[in-house]
Every structure is written in C-alpha cells, then in structure tokens.
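A.B. asks: let me see the structure of the following:
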Amino acid sequence: MKFKLLSLRYFLQILLCFVCFIGLISCLDKAKDCRCQTSNINRIIGGHVAPTQNYPWHGSLGLLKIDASKPVNDKTKMGTHYCGSILLNEEWVLTAAHCVVDGLKITSSRAPETIAVGFGNDHDLIKIFENGRLIAKQVVLKPNYNARSASSPNDLALIQLATPVTLNRTVSPACLQEKVYIPYPTKLVATGWGSINRMSISLFNRTWKGYEASQFLKEADFDDSTQVQSVCSLRTDLICITAPKGEEKSSCKGDSGGPLHYTENGRTFVVGVTSFGPSQFKSELNDLKLETCIGTAAYTRISSHLEWIRMYIGSNSCIF
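C.D. replies: Below is the predicted model:
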C-alpha cells in the first residue's frame, strides 16, 4: 500500500512538471510571436516621422479606390486614408467605432466590403494604396456605442479580415496590457497619419479648413492628463493626453482609431484607441470659427474592454 501511495505521488509530481513544461513552452511561443517592439522614446520630440520598423501593428483604414471624379495623384492616394487601426493577430484588427459606423443607420457598421486595412509599406500612405488594402470579412461594434454622441463610451470596433495578414518584421500584432495606471508614470506616445495642421470650421458657412494628411506615420509624446481633464476624471474608461507645455502637437482628424503607447520594462503596449478631442472658439474678422486638434485628446482605455476583445479573438492575442 505504501509503495502504491508513493507511486501515485511520483506520478502526480511528474504530471505537474509536464503541465508546467507545456505552459512554459506556450509562454515562450507567445513571447516569440508577441514582439511588443520598443520605440526609442528618448528620440521622440514632437510630431516626427516614425521609423519604418516601429509600430508594425499600426494600420491604415482607407478606401480601396479613388473617386472617379478626382484625378489619380499622390494627394488623392493619401486622401483614401481616413482612420487608424491596431493589428491584434493575423485576422483581427481593433479601431474606433466611429470610424466604421454607418452614418445613416447609426446603430450598425458600414458593409464589410467597403472597409479595408493596410499595413507595412514603410508606413507610407501612397505605397499602402498602391499595394492594396485588405478587405474586411465582418465588423463588430462594441455594444452600447452611441454614434450620436461624439464622446460616447464604448467607441471601439473589431474588424475581421477576409484574408489573414502575413506577419513579418514590419507587420506584427500589438501587445495589450491588463495592468491599469491612473496616471501613467511616464510619457505616452501617440502615432498616426492624421492632419498635420489644426482644423477649423466656420460657423457661418459651415466649411472645414486646415486638413492635410501626413504621407508618413508620425509619432509624438504626451503627458497623461486623465486626472485633470474633466471628461476623463469622471470616467475610468478613458485616458486623456495633453501636449507638454510650450509644444505644438496634437492628434487630429485621420488619427481616430489609432494607438496610444506606453513602454514599461522594455516592452511597448498599446493602451488606448484615439476617440475624440475638445474644440475651442476662435474669433476672426467677420467670422467665428470652431478649432479642433488643440493639444488635448481622449482615448478609449483598452484594459476596460479586454473581456469583450477576448470574446472574439480568444487566446490568439498578445495580452499581458
């Protein structure tokens, strides 16, 4: 009887070791696939073009073709871009709900075949258009998103690609973080192809001015102002950022749906998705304008929505 008990104990110890070994292999495999590439935050000053090898998860949501009424040139190719996105694995992409919602139906997304995402290509919008974006298979809006409210909670959407993306050195998934910081202890880095100018709309003739997309992906560092911005201080699902004092930089039109980054222990995480920004009135001769892209922006905090993300992509993700 004693021999049998010892045998059983040894068997359980061997089984436990085997399970731990399999878990270690799984963890190593995940670490191998999840590069969590680090950007050199020390070199980021304000609104610089990002190195082509950085941010391999940042994708461009855009049109598949140019409007037939417009000339085909570099400017119109760049103009096909309208939002950013974040690669989660070979098949799934995260973006802002307001980037893909149907403007007429409000409660549903646009048809998947009208939504396409491009990655890599040296982060060059012209190359992304010329080499082709990947069409969506399905689009999932986060429940309870209200398209009628510019600052609605749940401003997230998942896009499943019809054709899986090929992962390589310049195209790889983002790492997401379960840990929550309020505020984050170091600078946060925003990236995007959004307008390089402030935008304004005339309250008299209702025309927008100032939009000019960046051909290449840009990066800039910001302070976490979540605790001092009124809208963010009241909501745990948001991260607010502000440009350091004296620096002219901001996320803007075209950056929506793109990532906000935090680097910890040599690993870069995507912690937010560009959602909305404030505006201010500016009086000019014979006109009154509303300015946007003024240095502050709100991002959807990804850690508040990880359970929903896992419902669709399962364990095939880089969540730490």
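
A.B. asks: contacts, neighbours, all on C-alpha from now
C.D. replies: OK.

A.B. asks: got the contact list for P259?
C.D. replies: By Cα atoms under 8 Å, 6 or more residues apart in numbering, the residues touching P259 are H58, G84, S85, I86, A190, T191, G192, V270, V271, G272, V273, T274.

A.B. asks: for it, give me the pLDDT.
C.D. replies: Here, the pLDDT recorded for P259 equals 97.

A.B. asks: L87 versus that one, what's the distance?
C.D. replies: 10 Å (Cα to Cα, to the nearest Å).

A.B. asks: shared neighbours, these two?
C.D. replies: The contact lists of P259 and L87 share H58, where a contact means Cα under 8 Å, 6+ apart.

A.B. asks: which residues of the stretch 151-300 of the chain fall in strands?
C.D. replies: According to DSSP state E, counting those that start in this stretch, the stretch 151-300 of the chain carries its strands in the segments 157-161, 175-176, 188-192, 199-202, 208-209, 218-224, 238-242, 259-264, 267-276, 279-284, 287-292, 296-301.

A.B. asks: may I see the ones you listed arranged in JSON lines, with distance to G62 as well?
C.D. replies: JSON lines is the format used below for the strands of the stretch 151-300 of the chain (distance: least, Cα to Cα, whole Å):
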{"stretch": "strand 157-161", "distance to G62": "13"}
{"stretch": "strand 175-176", "distance to G62": "23"}
{"stretch": "strand 188-192", "distance to G62": "13"}
{"stretch": "strand 199-202", "distance to G62": "20"}
{"stretch": "strand 208-209", "distance to G62": "20"}
{"stretch": "strand 218-224", "distance to G62": "17"}
{"stretch": "strand 238-242", "distance to G62": "26"}
{"stretch": "strand 259-264", "distance to G62": "16"}
{"stretch": "strand 267-276", "distance to G62": "16"}
{"stretch": "strand 279-284", "distance to G62": "25"}
{"stretch": "strand 287-292", "distance to G62": "22"}
{"stretch": "strand 296-301", "distance to G62": "21"}
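
A.B. asks: weakest of those in terms of mean pLDDT?
C.D. replies: Among those, strand 279-284 has the lowest mean pLDDT, at a mean of 63.

A.B. asks: quick one: closest of the strands of the stretch 151-300 of the chain to D67.
C.D. replies: For the strands of the stretch 151-300 of the chain, the distance to D67 is smallest for strand 208-209, at 19.8 Å, taking Cα to Cα.

A.B. asks: re the thing from before, ok, which of the strands of the stretch 151-300 of the chain comes nearest P112?
C.D. replies: Of all the strands of the stretch 151-300 of the chain, strand 157-161 sits nearest to P112, with 8.4 Å by Cα to Cα.

A.B. asks: so this protein: which segments form each domain?
C.D. replies: Domain assignment for the chain by automatic domain parsing gives 56-173+306-319, 175-303.

A.B. asks: can I get the ones you listed in TSV including distance to A50?
C.D. replies: TSV is the format used below for those (distance: least, Cα to Cα, whole Å):
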stretch	distance to A50
domain 56-173+306-319	8
domain 175-303	5
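
A.B. asks: mean pLDDT lowest for which of those?
C.D. replies: domain 175-303 (a mean of 86).

A.B. asks: what's the first-to-last distance across it?
C.D. replies: 12 Å.

A.B. asks: again, but for stretch 174-185
C.D. replies: One end of stretch 174-185 to the other measures 21 Å (Cα to Cα).

A.B. asks: so what touches that stretch?
C.D. replies: By Cα under 8 Å, 6+ apart, the list of residues contacting stretch 174-185 from outside reads 34-36, 56-57, 86-89, 224-227, 262, 268-271, 302-303, 306, 317-320.
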